[in-house]
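Undergrad: With the input below, show me the fold.
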Amino acid sequence: MTENPLLARATRFISALRHCQMLGITAHHADAQGVTLIMPYAAHLVGNPTTGVIHGGALTSLMDTACGMATLCVLPEFEVCPTLDLRVDYMHPAAPHQPVYGFAQCYRVTTDVIFTRGFAYQDDPQQPIAHVVGTFMRMGKRLKGTQGLGSTIKGEQA
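TA: Have a look, this model is predicted:
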């Protein structure tokens, strides 16, 4: 089986993010077209105990992370790219007791900004829970190796 370097990069990136650890988010798939993450259903993610529906904030975190990680699929080397703007349009609540998938892709890369879009879904990508668009600032390689996440990714081979 051939190793997928983008999936390996995404997995390393997620392992360094504490909020992903707390939400249980893992990398499911990554290629040049985008990244798919999984957030398993967990009781601590429930926003409404009566219905068992996952909190919208957890879904927003999943999609912000997916969009941010989609930048890894288009950049030849790791760059610090913080979120500039994120819009999430919720279509319907996630069904309780099922994982949520978050897919995101980059559709435009400029010198300073990366533009992303994606969607959250459960069983069927054609029935999304939410749509998302986001922009991410390219801070450049000059921050590579600084404290925090950049130093975690520093040693990787692009």
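Undergrad: what about the helices in the protein?
TA: Secondary structure of the chain (DSSP state H): helices located at 5-15, 18-23, 56-70, 149-153.
Undergrad: Check the offset of the third one from the chain's centre.
TA: Just to be clear, that refers to helix 56-70. 5 Å (Cα atoms, centre = their mean, to the nearest Å).
Undergrad: can you give me the angle it makes with helix 5-15?
TA: Taking axes from the mean of the first three to the mean of the last three Cα atoms, to 10 degrees, one finds helix 56-70 and helix 5-15 inclined to each other by 140 degrees.
Undergrad: For helix 56-70, give the mean pLDDT please.
TA: When pLDDT is averaged over helix 56-70, the result is 96.
Undergrad: go on, the shortest one?
TA: The predicted model gives helix 149-153 an average pLDDT of 42.
Undergrad: before we move on, the earlier item: now mean neighbour count and distance to residue 114 too, for the helices of the chain, in TSV please.
TA: Where you see a C-beta, it was placed from the backbone N, CA and C, and this is true even at glycine. TSV is the format used below for the helices of the chain (neighbours: other Cβ atoms under 10 Å; distance: least, Cβ to Cβ, whole Å):
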stretch	mean neighbour count	distance to residue 114
helix 5-15	18	15
helix 18-23	14	20
helix 56-70	23	8
helix 149-153	16	16
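Undergrad: Can you name the residues that contact the residue of the chain most remote from its centre?
TA: The centre of the chain is farthest from one residue, residue 50, which by Cα atoms, centre = their mean lies 28.2 Å away. By Cβ atoms under 8 Å, 6 or more residues apart in numbering, no residues touch residue 50.
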